[in-house]
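*Asks:* give me a 3D structure for the following:
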Amino acid sequence: MKKTTVTHDNVKKYFYLEALSEESNFQSFKCNISEYTDYLLDDAKRSMNDHIAKTWLLYDLNTGEIAAYMSLIMDAIKLSISEKELHNLNYPFRTIPVMKIAKLAVNSSFSEKYKGLGTFMIESAESYALACNDDYCAARFLTVDADIEHDEGVMAFYEKNGFIPNAELYNKNRKTVSMRKDIYQ
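*Replies:* All right, here's what the predicted structure looks like:
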C-alpha cells in the first residue's frame, strides 16, 4: 500500500491541529510505544491543568481520530563554547532558552497510511516557537530528548529534521539523547 506524504502544503486536506482541551477525546489513540499512549491517555490533561505542558493533537479530518500529538514545554540547555560558536552566540552565559518537544507520537494506524506526520508536528512546533518569540518570550532552539531506548532510529529521524546532539548533555548511559535545532539557521 502506497503511503500518502503529509506536508504543510497538503495537510489541511487530511488533518487539523488543535490544542488539547478538557473535551478532547483520544481513547482510540495507540502508539507502538505504550509509554507514549499512556502519557496521552493518563497524563496529558493533568499536565495541561498544572501548566506543565501544552499538548497539540493532530486530528483526522474525516474520522476525528487523533493521528499524532506533541507536548511542548519551555526549557533551557547548556551549550559549550564551541557549541555557542557554531550558532554565532557570543554571550557570557552558558544557558540558552528553548522550546522543548517533551513528547511526540504518531498513532500506529496512521503511520501505516501516511508519511511525514512526525515531521509536520516538528514543523508546527517550530512555528509555535517562532510565534512565541515574536510576541511573548525568547527561545533560540527547539529541543527534544530523542528516546533511543524505544526506537534506535529516532536520532536519524530528528537529524533528518535539522536536529543535532547537545554535546554538553550527552551521556552514553542515558536512555535518551538531548538534541537541538536552531530555529534561526
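*Asks:* gap between the two ends of stretch 1-18?
*Replies:* From its first residue to its last, stretch 1-18 covers 29 Å (C-alpha to C-alpha, to the nearest Å).
*Asks:* other residues contacting that stretch?
*Replies:* Residues outside stretch 1-18 that contact it (C-beta atoms under 8 Å, 6 or more residues apart in numbering): 24, 56-61, 67, 112-117, 120, 123-124. From N, CA and C alone the C-beta is placed, and that goes for glycine too.
*Asks:* buried subset of those residues, written for ChimeraX?
*Replies:* In ChimeraX syntax, the buried subset of the contacts of stretch 1-18 is picked out as below (16 or more other C-beta atoms under 10 Å):
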select :24,56,57,58,59,60,67,113,114,116,117,120,123,124
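*Asks:* in helices only, show me the contacts of stretch 1-18.
*Replies:* Secondary structure from DSSP state H places 117, 120, 123-124 of these in helices.
*Asks:* most centrally placed residue in the protein?
*Replies:* Centroid check for the chain by C-alpha atoms, centre = their mean gives Ile101 as the closest residue, at 3.6 Å.
*Asks:* give the bridge partners for that residue, please.
*Replies:* Leu72, Val144 (DSSP bridges).
*Asks:* wait, doesn't it sit right on Asp75?
*Replies:* No. Taking contacts as C-beta atoms under 8 Å, Ile101 lies outside contact range of Asp75: 9.9 Å.
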